[in-house]
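Visitor: no sequence on hand, only this structure:
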């Protein structure tokens, strides 16, 4: 039998091929793989190929497009034999192909679908050197390592790779299964040199190995975390089981629940409070610790169990001891000290009534939503107190609060409402808000842990109003004894009795406090201090405190009486003692410098302490100082208020008035001059509307009195312009108490006669000449004494206020009560 000759595959392949565009990746020769075709023109090409020789050309698109032409294809592709075709329900086909050989498109026979091209088949450029064999082994070895660590490589792939004996086919097979970008795969497909192709494949294998190494590292870390979490979980479960066997609490939630329940049971709540708290406690027991609501409920229960629901313990009503504490801490302030003594006396009497009624009265029921109207005397009437300390800065309003708490033996809590604009600061936030918390009242009770502390609300005259509410209105319930026994904080939303709290409120002025709020408080006014009072305060409190603060001993510094009075009058003439303390601190710092410099100089002298160890500078240095007026001026400079500068009305058209400000009382000079003109009266000095009205009334009264009583020519007013001025024009001035002062200045101008003596006056004036009452007489008297005034004209209706002025302030001052302006003129401008 004759032998048949083997025909090469490229002689069997046609040089005219229908082309199918690939949108994914190129397909390499020597591969058996399925392909899904959905494009109708390509499906038609497949059908025609199957009915013919079954050969097609597979070429990748350069740019994906819906209707590709031959120019959109790469020039190099792969010839393939269709082995099997399966029609799909959507009109597409799934074909199984066996790829045969590379080809290059030589000529366009049909540019659009169906695309047909004339092709030439490409042969690998063989290289039988040992380097190619080494590359082949390296490729197989490296790919074996990748396939073992990658579950995506099947066993069939591994066997195919081993059974392939041609280097070029091995490179093609590896390129088809590696995760390489399609453009890089197309470049490999176009490489005919087998050696270069294998080298390029080896580079991609190394990149794949690096990716696998990183992937393995990440997987290892994840597995370690999972294993740790599982280990922790199992250990926690074991610990929980052990605690259960021992009868111990199994988790933090159970511990919190048990703590809350024990404290709540100890309070013996009733009614609304018991129902609400039990409901919250039950809800807490059913919640998962990881839920957001869990933390909200836990915080709410924590606030409830932290509040002092039970009645306070035994109180100390030692009146003598309380007086002793107040006297030791503060000089003067008689009204405040008397009010505290009254409070203690009343509480002591009412405690006695409770003991008598206690035989038949009911026991305390803490947590009630309402206060009973019958039973113990404490339940009938409020036992707390609400006082307002009003006065200029630096008179001791805030510090006296701590002394009151110490004298009463109670806890002290202070907060300031100055600048506060949100009512939630007082009544709390509703729990629906994120970060909600109780108001200052409930917070203070939680901190003090008692139901009857002393609360100080500072700067109540400086509260604001905004879209967030009105804090002053929120305080109405807090400071009302008939309402605060069932105060409801928005956060707590349960009635709480705050009627036992001793409220102390401070303010610089009462004018800015809303009348309904002012009506709920007992006002105690603290006037400014005169020089003799400042002298005593400095000797008893300020000097020892300042010496200790600046590292000096009492025995080192001695002040004369004149030096302390000189500081008070020349450097700190305001109503309070804050500047007095600052000036004392300044002097003591200067003395400290002298002591330290002297000690350092001594240490540097031959044979001094510097040869061994420098001595610590301090009180042990042995320097003593006697501070007199000369020393005061050396350390503080020239006086701000020279002693010889006293406001005097010693010329015609001048008068001395008294004014009240938030800083205390002050003296006020009124000046009036006349000049030719017809412009009526000019008013300067930054007067407010009320004072301008008083000036107009004063002008009318002065003009009428001048014409009718003193015979002033009416034509004089037509020819002259009167200028009324109040010095210190940068300072705003207002108020209804300067009427008689301005009228007196105008009549002094009209008569060309100065006001008699060192005389001051205060009082409002009506059009008919009535002298009307004024306020702040105590502060004004202090200011008059500071200005060395000896006579003061006051409205007769203010005689009742003289009893409120301490005797040492009234000493050496003569008060002239008047009802009519004619009486003022008789004193200020008497007939010679």
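Guide: Looks like it came in fine. Every value quoted in this text rests on a predicted model; they were computed, and no experiment measured them. Numbers count the residues shown, from 1 in each chain.
Visitor: kindly check the end-to-end length of stretch 790-810 for me.
Guide: Using Cα to Cα, to the nearest Å, one end of stretch 790-810 lies 10 Å from the other.
Visitor: what do you get for stretch 79-99?
Guide: Chord length of stretch 79-99, first to last residue, is 6 Å (Cα to Cα).
Visitor: now do stretch 595-611, average pLDDT.
Guide: What stretch 595-611 shows for mean pLDDT is 76.
Visitor: tell me where the stretch 1-150 of the chain has helices.
Guide: Remark: helices assigned in the stretch 1-150 of the chain by DSSP state H, counting those that start in this stretch are 9-12, 40-51, 130-149.
Visitor: hey, where'd the helices end up in the stretch 351-500 of the chain?
Guide: Counting by DSSP H, counting those that start in this stretch, the helices of the stretch 351-500 of the chain are 377-380, 397-408, 424-427, 440-448, 471-478.
Visitor: picking that back up, quick one: which of the helices of the stretch 1-150 of the chain has the weakest pLDDT on average?
Guide: Here the lowest mean pLDDT among the helices of the stretch 1-150 of the chain goes to helix 9-12, at a mean of 59.
Visitor: tell me where the model's unsure across the stretch 1-150 of the chain.
Guide: 1-11, 147-150 (pLDDT under 70).
Visitor: where do the strands sit along it?
Guide: 16-22, 32-37, 55-60, 76-87, 93-110, 115-121 (DSSP state E, counting those that start in this stretch).
Visitor: for residue 48, which of the helices of the stretch 351-500 of the chain is the nearest?
Guide: Nearest to residue 48, of all the helices of the stretch 351-500 of the chain, is helix 424-427, at 82.4 Å by Cβ to Cβ. Using the backbone N, CA and C atoms, a C-beta is placed for each residue, glycine as well.
Visitor: what bridges to the closest residue to residue 190 other than its chain neighbours?
Guide: Closest residue in space to residue 190, ignoring its immediate chain neighbours: residue 76 at 4.6 Å, by Cβ to Cβ, 6 or more residues apart in numbering. Note on residue 76: beta-bridge partners by DSSP bridges are residue 104.
Visitor: quick one on the thing from earlier: looking at the helices of the stretch 351-500 of the chain, which is buried most?
Guide: helix 424-427 (a mean of 24; mean count of other Cβ atoms under 10 Å).
Visitor: contacting residues around it?
Guide: For helix 424-427, the external contacting residues (Cβ atoms under 8 Å, 6 or more residues apart in numbering) are 417, 420, 439-441, 468-469, 471, 474-475, 477-478, 488-490.
Visitor: avg pLDDT for the helix or strand containing residue 295?
Guide: Per DSSP states H and E: residue 295 is located in helix 292-306. If you average the pLDDT over helix 292-306, you get 88.
Visitor: report all helices and strands that that helix contacts.
Guide: helix 252-267, helix 271-286, helix 440-448 (3 or more Cβ pairs under 8 Å, 6 or more residues apart in numbering; DSSP states H and E).
Visitor: residues in contact with residue 394?
Guide: 574, 575, 576, 577, 578, 579.
Visitor: from what I can see the third one touches residue 395, true?
Guide: Yes - between residue 576 and residue 395 there is a contact under Cβ atoms under 8 Å: 4.7 Å.
Visitor: which of the two has more neighbours?
Guide: residue 395 (26 against 22; other Cβ atoms under 10 Å).
Visitor: how about that one, phi and psi?
Guide: phi -100, psi 0 (degrees, to the nearest 10).
Visitor: OK, contacts around it?
Guide: Listed by Cβ under 8 Å, 6+ apart, the contact set of residue 395 reads 526, 527, 528, 529, 575, 576, 577, 664.
Visitor: what's the farthest-apart pair in those?
Guide: By the measure Cβ to Cβ, 527 and 577 form the most distant pair in the contacts of residue 395, at 12.8 Å.
Visitor: so if I had to pick from the two, which one is more boxed in?
Guide: Neighbours were tallied for residue 527 and for residue 577 using other Cβ under 10 Å; the higher tally belongs to residue 527 (28 against 24).
Visitor: my read is the more buried one is in a helix, agree?
Guide: No - assessed with DSSP: H, G, I helix; E, B strand; the rest coil, residue 527 is coil; it does not lie in a helix.
Visitor: excluding chain neighbours, what is closest to it?
Guide: Nearest non-adjacent residue to residue 527, counting by Cβ to Cβ, 6+ apart: residue 778, 4.3 Å away.
Visitor: over to residue 821?
Guide: residue 769 (4.2 Å).
Visitor: for the one you found, what are its contacts?
Guide: Applying Cβ under 8 Å, 6+ apart, the residues near residue 769 are 701, 705, 820, 821, 822.
Visitor: what's the weakest-modelled helix or strand in the chain?
Guide: Taking mean pLDDT, DSSP states H and E as the measure, the chain has helix 377-380 as its least confident helix or strand, at a mean of 47.
Visitor: thinking again about what came up before, most tightly surrounded among the helices and strands packed on helix 292-306?
Guide: Note that of these, helix 440-448 is the most buried (mean count of other Cβ under 10 Å), with a mean of 21.
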